[in-house]
Structures are given as structure tokens and as C-alpha cells.
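Student: Let me see the structure of the following:
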Amino acid sequence: MKLNIEHRTRYQFDAPLSYTIQQLRLTPQDGFGQRVKNWNLKVSGRAASHTDAYGNTAHTLVMDTPHQEITITASGEVETDVDLPAIFNGLALPVYLRHTPLTQANTDIRQLAHHFLPAGKVVDKAMLIALMKNIHQRLFWIKETKTAPRSAIETLSIGSGASHDMAHLFIASCRALKVPARFVHGYYFNQAENKLINHSWADAWLVGESWQSFDIANNCLSNGVHVRLATGLDYRDACPISNVMRDPEHEQLSVDFIVRKVGMQEMMQQ
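Tutor: Numbering: from 1, shown residues only. From the prediction side, this is the model:
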């Protein structure tokens with residue numbers, strides 16, 4: 001599948017700001033079943049590109065003159081569901097066993113995880129699929145949210161969460177089983193609704209199979225409707241935009257997606 005994507009984010013502030021820094025992770029890379037045909041990032045201010053510790057293409061956006069609006073537009077064409085392995089597999093596997101405040105496991109999470117690991121068995125894909133299904137069924141999916149990400153412990157306790165919260169719970173469960181796992185953020189193309197959305201899922205490392213991707217919110221393995229942007233230990237490492245300096249109580253945020261499936265004439269907008 002080939003997707004033409006335009007993702008526009010706009011911040012508007014009640015009063016002019018004198019200085020803003022943002023970290024942007026809005027550039028997909030080749031690998032993991034996708035090929036980037038072309039991609040462009042257009043921003044207000046200056047943006048310097050670099051590769052972060054997890055291999056993500058990131059940009060540091062700096063605005064040091066008075067401004068009351070910031071516009072960020074990422075656009076290009078990505079081909080998905082292709083046989084293209086990852087160019088950069090990430091850091092050493094033990095790094096992805098490290099707990100973070102968002103992926104810390106408690107007794108309840110450890111019990112949940114070990115329920116799917118019979119004594120004397122080695123974790124395999126079927127077990128992780130069963131774990132994914134269980135988490136999917138336990139949690140109510142909050143599809144539209146601008147709230148801060150929840151920890152795995154809070155998500156399990158409350159029984160609901162956004163896709164990134166579900167990913168945190170799955171990752172915490174995997175790490176409790178000594179399975180390296182990492183957070184993935186990107187886009188999900190809902191073919192039934194003709195809509196592109198920001199979305200999060202998880203990778204888990206399986207011996208003999210390398211990294212496998214699990215979309216907990218949709219209860220499926222990642223496939224041709226997923227476009228990867230960034231990975232990390234949790235949401236904070238891989239979120240599309242990190243604001244170093246901002247005042248959320250006095251800003252308005254709008255996010256628009258336009259996507260066209262190559263070969264179709266229809267334009268779909270969220």
C-alpha cells in the first residue's frame with residue numbers, strides 16, 4: 001500500500017511567546033516493512049536534524065523571536081507492507097528490559113504477564129498474542145485524548161486508556177517476563193473509515209524472530225496500515241512532539257491529517 005500523507009499541527013497562544021524549543025519525531029525511516037518514497041518537514045522557525053539514541057530521525061525546533069503561533073507540517077509518500085528489514089535495530093537488548101516510570105510493573109501486572117507463561121516454557125509469539133488480546137479486552141480504548149500519558153500501573157487500575165497507555169501496559173508485561181520490549185509511535189490508517197490517526201503500539205523481541213510488532217488497541221500484529229515514526233522505552237522517548245518550553249493552559253492545539261491512498265481519487269481528512 002502507498003500512502004500520501006500530510007500531517008499539520010498548529011499551536012496558537014493567547015499572548016506572544018519570546019522563546020520555544022520543541023523536539024520533533026515526525027520523520028519515518030525505511031525498514032520494518034515500510035519504504036519512504038519522499039518526505040518533507042516544514043516548520044515555523046529553525047529545525048536542526050539529528051539521530052537520537054534510539055535511531056529515530058529527530059529535529060530540534062527553535063523559535064527565539066516573539067511568536068503567537070507555531071505550525072509544523074510533515075508530508076510525503078510512504079509505501080507499506082514491503083519486504084524491507086530494519087536498517088537500525090535499536091540499542092542492545094538489555095536496554096529494552098529497563099523499567100521507566102511509565103512502564104513499571106507491580107504485582108498485578110506481573111501476575112497478568114505470568115498467567116500467559118506456563119512453567120518451563122519459553123515466551124513465543126502465540127503467548128504474546130494471547131497477552132495482547134487479554135489487555136485489549138480488559139481496557140476501554142479512549143480514542144481521542146490530549147491528556148498526559150498514563151503509566152502501566154494506572155492504566156490497568158483504571159481499566160481504560162489511549163493507545164499509548166495500552167502499549168505501556170503491554171511493554172511492562174513483556175519486561176516482567178524478561179522479554180525486551182519498546183514503544184512505537186506513528187500513524188494508523190483506518191481503511192474502513194478512510195482516516196489517518198496518531199497511534200502507538202509496541203515491539204517485542206522474540207528469539208529467532210527478532211522484533212515483532214503488536215498493536216494492542218486494535219488487537220492485531222502491525223501490518224500495511226501502520227507507518228512507524230519513532231521508538232523508545234516509552235511514550236516520552238517516541239512522542240511526535242516534545243515541548244521543552246510551553247504554557248498549555250494558554251494555548252490552543254489543532255491537528256489535521258490528509259491522506260490519499262495511491263491509486264484512489266478520494267481525499268480523506270480527519
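Student: What does the pLDDT read for the nearest residue to A152 once chain neighbours are set aside?
Tutor: Among residues not flanking A152 along the chain, A172 sits closest, at 3.7 Å (Cβ to Cβ, 6 or more residues apart in numbering). All C-beta atoms are positioned from the backbone trio N, CA, C, and that covers glycine. On the pLDDT scale, A172 is placed at 99.
Student: three-state assignment of the spatially closest residue to L112 that is not a sequence neighbour?
Tutor: Spatial nearest neighbour of L112, excluding adjacent residues (Cβ to Cβ, 6+ apart): S173 at 6.0 Å. Secondary structure state of S173, per DSSP: H, G, I helix; E, B strand; the rest coil, is helix.
Student: Okay, S173 and I241: tell me how far apart.
Tutor: Applying Cβ to Cβ, to the nearest Å, the value for S173 to I241 is 28 Å.
Student: out of these two, which sits in the busier spot?
Tutor: Taking neighbours as other Cβ atoms under 10 Å, S173 and I241 compare with S173 leading, 31 against 17.
Student: Which residues are in contact with that one?
Tutor: Counting by Cβ atoms under 8 Å, 6 or more residues apart in numbering, S173 touches 105, 109, 112-113, 131, 135, 152.
Student: From D108, how far off is it?
Tutor: 10 Å.
Student: which residues does the residue nearest the centre of the chain contact?
Tutor: Residue closest to the mean C-alpha point of the chain, counted by Cα atoms, centre = their mean, is H185 at 1.2 Å. H185 is in contact with 25, 164, 198-200, 228-231, 235, 238-240, counting by Cβ under 8 Å, 6+ apart.
Student: can you check Y54 too?
Tutor: Y54 touches 90-91, 182, 230-232, 237-238, counting by Cβ under 8 Å, 6+ apart.
Student: Checking it next. Helix, strand or coil?
Tutor: On the basis of three-state DSSP, Y54 is classed as coil.
Student: nearest to A217, of the contacts of Y54?
Tutor: For those, the minimum distance to A217 (Cβ to Cβ) is 15.5 Å, reached by A238.
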